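Colleague: Model the structure of this input:
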Amino acid sequence: MEPLGMSTVLLVVCISCLLLSAVWKRGAQGKGKMPPGPTPLPLIGNVLQLKGKSLDQALCKISEEYGPVFTLYLGMNPAVVLYGYEAIKEALIDHGNDFADRAKAPLIEKMGDGKVPGIVFSNGETWKQIRRFTLTTLRNFGMGKKSIEERIQEETQYLLEQFHEKKGQPFDPQNLFGCATANVICSVVFGKRYEYNDKRFQTLITVTVENNELFNSGWGQLYNTFPVLMEWIPGPYQRMIQRSDKCNKIVLEEAKEHRATLDPNSPRDFIDCFFIRMDQEKHNEASEFTMESMVNCCLELFGAGTETTSTTLRYGFLILQKYQEIEEKVQEEIDRVVGRSRMPSMADRGQMPYTDAVIHEIQRFISLSPISVPRSVVSDTPLRGYVIPKGTTIFPVLTSVLHDSKEFPNPTEFNPGHFLNPDGTFRKSNYFMPFSAGKRICAGEGLARMELFLFFTSILQNFKLKPLMDPKDIDLSPMKGSMNNLPWPYKFCIIPR
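Modeller: You can find the predicted model right below:
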C-alpha cells in the first residue's frame, strides 16, 4: 500500500481537529448553554486571539462582538469572561454566593504539594472558617481603627527618615515603599516591625515581589493553563517553589519563638491567636487550623499587605512627576488643612476632597489588576439566559469598569476630576472597584486605603518630587509581559520642602 500523500494527511488532521473541537465544546457546555465566544482551536483554545496585543484591548474587541458575558478557552478549559460594570455587578454582587469560589491555580497547588490552605485560593468550609477567623483577628488588632492608623503614622516617620538620608540624590523608591507597607502588616501578623536592612525581612519582601511577578508572567499563566505539559518543560516556576520554601522557614522560625512565649490570656498578634485556635481544636482531626495553614495565611497576609499598596504608591509618584501641577494642588490642600506642624490623619481626609480624588484616580487610572483573581461558580449557575457549569473559571475584567467611558469620560487620561463634583466636593462612584467586588473582595481594602492616604499625604507634606527627565517624556504605560499593570522601574529625587 502506498504511503498517504501530505495533502491527505493534512486533510485527516484537519477533520480530526474539527471533530475534536465539536465534541470538546459540546462536552464543556454540560447541562446548559454556555455564553457565546470565539471558536477555539483544539488543545490551545483561544490563546492565539489573546496574543500580540494588550489583554485589555483583546478582551474589549471580543466583548464588542460577543457581548459582556462570553466564553474563552484557555487550553481545553472553558472560562467565562465578565466585561463591564453591569455584568460584574450582576454576577459578583447580586449573585455573590454563586460566584464565591476561587478558580483552580495549578501553580499554587504545586507549591502546596496539592493542597491549598490559607485564604486567597481555598474554597468551601476551609475558606469560610479561615476567612472569618482572619477578619475577626485583624479587627481585634486594630484594622480600620485608630490603633492601626497610629502604627501607619509611626512607620511613616521611619520612611521619611530614609527619604531624608537620600539628601536629594536619585534613588529607586521600590524597596523603601515595600519595606514601609510590609512593616505595617508585620506589626499585626508578627507583632513587631523590622529594620529595613534586616536580612529575613528583605528575603520576605524580595521573594514576594519576584513570585508575584512570576505568577503573573507568561510562564506562570502557561503553567496554570497547561500544568501537565509544563511539568516536562524546565522553567522559572521551579525557582518560585524554592524561594517560597525560604519564606516558609522564616515564618516557622517566627512561629517557634511565639509558641515558646505564648500567653493564651494575652495574645500579641495574629500568630498567637492562630496558636490559641489550634489548641482549642487539637482534638478535631478535621480542623482547618494547622501549622501549614498558619504559614500560608501569614505569607498571604504579608503579600497582600505589601505588594499592591507599594506598587500603587510607586506608580502614583511617577504620575505626579509627570503632572506637577497636580502635585502642587495636593500640597496646597495639605498645607491648608494639615499644615506643617503635625502629621496627616484619617480625620483630615473628609476635608481634603482633591487629595482624595487624586488617590482614587491613581488607582482607577493604573488599574493595577486588570482582571480580578479568577473566581469559579459553586454549582451550575444561570446567568443572562446561559448556564455556567459548576467549577467553570470566571474572569471579571476590572479594567472594563475602571475605564468605563460613560462613568469616566476619556478614561485613559489621568484626571482627578473623575472623582470631583462641580462644586469641588468628592464624588463617589460605584464603578470604583480596584479591590474587586462581592464575597471575594480584598480583605485588606480598608488597610490599603488608609496606608495610601497617610503615606501619600505625609510624603508630599514634607517633600517635593524632582523627576530626572522632562515631565512630558515620562512614560506612564505599564510594563509588558505581566497580567498586572506595573510601572517601569525609575529613579527620582525628593527635595525637602
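Colleague: Return the set of buried residues in the helix or strand residue 300 falls within.
Modeller: Using DSSP states H and E, residue 300 sits in helix 291-304. By 16 or more other CB atoms under 10 Å, the buried positions in helix 291-304 come out as 293, 294, 295, 296, 297, 298, 299, 300, 301, 302, 303, 304. Heads up, the C-betas are built off the backbone N, CA and C, glycines and all.
Colleague: Could you report the neighbour count for residue 33?
Modeller: Residue 33 has 11 neighbours, counted by other CB atoms under 10 Å.
Colleague: Setting aside sequence neighbours, what's the nearest residue to it?
Modeller: With CB to CB, 6 or more residues apart in numbering as the criterion, residue 33 has its nearest non-adjacent residue at 5.4 Å, and that residue is residue 386.
Colleague: Residue 247 contacts residue 203, correct?
Modeller: Yes. Counting by CB atoms under 8 Å, residue 247 does reach residue 203; the two are 7.0 Å apart.
Colleague: So which of the two has more stuff around it?
Modeller: Just comparing residue 247 and residue 203: by other CB under 10 Å the higher neighbour count belongs to residue 247, 21 against 15.
Colleague: Remind me which helix or strand the more buried one belongs to.
Modeller: helix 237-260.
Colleague: angle of that helix against helix 291-304?
Modeller: Helix 237-260 runs at 110 degrees relative to helix 291-304, counting by axes from the mean of the first three to the mean of the last three CA atoms, to 10 degrees.
Colleague: I'd like to check what contacts helix 237-260. Which residues are they?
Modeller: Where contact means CB atoms under 8 Å, 6 or more residues apart in numbering, the residues beyond helix 237-260 that reach it are 107, 110-111, 190-191, 200, 203-204, 207-208, 210-211, 214-215, 219-220, 223, 230, 268-269, 271-272, 275, 291, 294-295, 298-299.
Colleague: How about stretch 308-315?
Modeller: Residues outside stretch 308-315 that contact it (CB under 8 Å, 6+ apart): 173-174, 177-178, 180-182, 362-363, 366, 368-369, 442, 448, 451-452, 455-456, 484-487.
Colleague: same check, this time on stretch 343-356
Modeller: Applying CB under 8 Å, 6+ apart, the external contacts of stretch 343-356 come out as 149, 153, 156-157, 329-330, 333-334, 337-338, 416, 419-420, 424-426, 450, 453-454, 456-458, 461.
Colleague: Can you flag which of those residues belong to helices?
Modeller: 149, 153, 156-157, 329-330, 333-334, 337, 450, 453-454, 456-458, 461 (DSSP state H).
Colleague: which one of those is nearest residue 168?
Modeller: Proximity of the ones in helices among the contacts of stretch 343-356 to residue 168 (CB to CB) peaks at residue 461, which lies at 17.2 Å.
Colleague: Which pLDDT value belongs to the closest residue to that closest one other than its chain neighbours?
Modeller: Using CB to CB, 6+ apart and skipping residues adjacent in sequence, the residue nearest residue 461 is residue 334, 5.0 Å away. Listed pLDDT for residue 334 reads 98.
Colleague: which residues of the stretch 101-250 of the chain fall in strands?
Modeller: 101-102 (DSSP state E, counting those that start in this stretch).
Colleague: which intervals of it have sub-threshold pLDDT?
Modeller: For the stretch 101-250 of the chain, the stretches flagged by pLDDT under 70 are 112-117.
Colleague: Please work out how many residues are found near the residue nearest to residue 139 when sequence neighbours are not counted.
Modeller: Leaving aside its sequence neighbours, residue 139 sits nearest to residue 145 (CB to CB, 6+ apart; 7.7 Å). Residue 145 is flanked by 13 other residues according to other CB under 10 Å.
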